[in-house]
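1. fold the stuff below for me.
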Amino acid sequence: MPRTAGLTAASALGPPSTPPAAEAATGSEFTPLLRTVRGQGLLEHRTGWYVRTIGLNLLALAAVVTGVVLLGESWWALLLAPPLAVLSARTAFVGHDAGHSQITADRRVARLIGLVHGNLLLGMGYAWWNDKHNRHHANPNHAEKDPDVAPDVLVFSGHQAVGRTGLQAWLTRNQAWLFFPLTLLEGVALKVYGFQDLRNHPWRVRLVEGGLLTAHVAGYAVLLLTFLTPWQALAFAAVHQGLFGLHLGMAFAPNHKGMEMPGPDGPRWGHLRRQVLTSRNIRGGPVTDWLLGGLNYQIEHHLFPSMPRPHLRLAQPLVRAHCERLGLPYTVTGAVDSYRQVLSHLHQVGDGLRPAV
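-> All right, here's what the predicted structure looks like:
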């Protein structure tokens with residue numbers, strides 16, 4: 001299965017990455033910004049907001065499931081697959097926020113929320129995503145340390161493309177065209193990765209996470225095969241999982257692809273530069289915030305991983321002004337232009353494998 005949008009995407013569950021203690025202690029470029037943000041209470045939890053968000057999402061999920069049950073063996077049930085895909089993405093965003101301690105500082109409660117939303121409701125391994133996403137936050141877009149830009153079906157730098165032959169070379173030459181079609185497989189890929197990762201954990205983790213993953217797959221299959229015909233169930237699952245993967249790909253792809261990619265011989269950036277120079281924000285309003293789960297404020301999220309989602313838009317002007325004072329590039333663009341930049345970057349990566357004209 002492909003590792004595509006950095007979940008690509010989106011990708012996410014895991015405790016927050018924090019700036020090095022030595023950097024904060026010596027008075028870095030980040031310290032004044034941290035002091036300002038903390039002073040305005042933007043790192044304080046918004047429990048009530050999350051209770052409402054989680055409650056409404058669970059009610060909406062229940063409504064879609066009820067609709068499938070009531071419609072029964074009808075092709076009209078397929079109309080419920082797209083909204084279920086959107087709600088599944090909302091579920092992933094909640095799991096992401098829980099893993100970053102945005103919802104609560106209680107790690108046990110946060111893990112419970114992550115397990116329910118990740119393993120049980122989505123079939124996505126919480127432990128697998130934690131490990132992957134923590135490494136991403138620690139070294140975003142780093143050519144050797146960030147798993148989201150590790151060479152796989154897709155590659156993200158010209159260096160990674162060198163030496164590719166046969167099918168791999170063809171994929172790299174055409175990866176800009178293949179990128180979004182490949183994200184249609186991401187929903188299924190997440191489930192596969194979760195099961196594969198179980199062998200890397202103690203038996204207690206395997207028991208809990210494996211049990212919840214199995215419960216998700218079994219419950220999903222029972223729901224569809226009980227109330228739909230086999231062909232209807234297959235079509236419903238294909239539409240639901242495909243659109244879910246596409247939605248996640250569209251939420252996570254613009255965040256880092258095509259931005260700076262530091263390597264082992266690159267500059268030794270502090271926390272502020274490491275996060276700002278490798279991240280891209282997406283311009284928009286409340287609809288964009290809702291569709292992208294707050295990840296359109298990628299710079300603020302990477303600087304303050306534990307900041308609650310509704311506070312990210314409030315922190316944005318503070319972060320942007322701070323970057324301007326330092327003369328530090330702060331990248332923000334529209335959604336359509338961000339996808340253009342991502343695809344253009346992927347196309348350029350494959351230039352070395354194309355015959356000279």
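2. tell me the SS of Ala143?
-> Here Ala143 is coil, with the state taken from DSSP: H, G, I helix; E, B strand; the rest coil.
3. check Arg268 too.
-> Arg268 carries the three-state label coil when classified by three-state DSSP.
4. can you report phi and psi for it?
-> When read as degrees, to the nearest 10, the backbone of Arg268 gives phi -90, psi 90.
5. now do the contacts for it.
-> Applying CB atoms under 8 Å, 6 or more residues apart in numbering to Arg268 gives no contacts. The way it works is simple: take the backbone N, C-alpha and C, and place the C-beta from them, glycine included.
6. tell me which stretches of the stretch 251-357 of the chain form strands.
-> 281-282, 332-333 (DSSP state E, counting those that start in this stretch).
7. hmm, who's touching the last one?
-> Among residues not part of strand 332-333, those counted as contacts by CB under 8 Å, 6+ apart are 280-283, 320, 341.
8. of the residues you listed, closest to Leu234?
-> Distance to Leu234 across the contacts of strand 332-333 (CB to CB) is lowest for Ile282, with 34.4 Å.
9. which residues does the closest one contact?
-> Per CB under 8 Å, 6+ apart, neighbours of Ile282: 254, 288, 292, 296, 298, 332-335, 338.
10. so which of those residues is the most crowded?
-> Pro254 (29 neighbours; other CB atoms under 10 Å).
11. setting aside sequence neighbours, what's the nearest residue to that residue?
-> Distances taken as CB to CB, 6 or more residues apart in numbering place Ser338 nearest to Pro254, at 3.6 Å, with adjacent residues excluded.
12. quick one: that neighbour and Gly284 touch, right?
-> No - the criterion here is CB atoms under 8 Å, and Ser338 misses it with Gly284 at 10.4 Å.
13. those helices in the stretch 101-250 of the chain, which residues are they?
-> For the stretch 101-250 of the chain, the helices defined by DSSP state H, counting those that start in this stretch occupy 107-114, 121-122, 126-138, 158-161, 166-173, 175-183, 186-197, 203-227, 230-252.
14. mean pLDDT added to these, as TSV?
-> TSV is the format used below for the helices of the stretch 101-250 of the chain (pLDDT from 0 to 100):
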stretch	mean pLDDT
helix 107-114	96
helix 121-122	98
helix 126-138	92
helix 158-161	89
helix 166-173	94
helix 175-183	95
helix 186-197	95
helix 203-227	96
helix 230-252	97
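15. wait, which of the ones you listed is closest to Thr91?
-> Here helix 121-122 is closest among the helices of the stretch 101-250 of the chain (CB to CB), at 5.1 Å.
16. returning to that earlier point: which of the strands of the stretch 251-357 of the chain sits closest to Ala89?
-> Ala89 lies closest, by CB to CB, to one member of the strands of the stretch 251-357 of the chain: strand 281-282, at 15.3 Å.
17. quick one: average confidence on the closest one?
-> On average, the pLDDT along strand 281-282 is 97.
18. gap between it and the chain center?
-> 14 Å (CA atoms, centre = their mean, to the nearest Å).
19. end to end on stretch 73-88, go ahead and measure it.
-> 23 Å (CA to CA, to the nearest Å).
20. so for Leu212, which of the strands of the stretch 251-357 of the chain sits nearest?
-> Between Leu212 and the strands of the stretch 251-357 of the chain, the shortest separation by CB to CB is 32.2 Å, and it involves strand 281-282.
21. now Val239. Nearest residue, chain neighbours left out?
-> Nearest to Val239 is Ala81, by CB to CB, 6+ apart, at 3.9 Å.
22. tell me the contacts of that neighbour?
-> By CB under 8 Å, 6+ apart, Ala81 lies in contact with 236, 239-240, 243.
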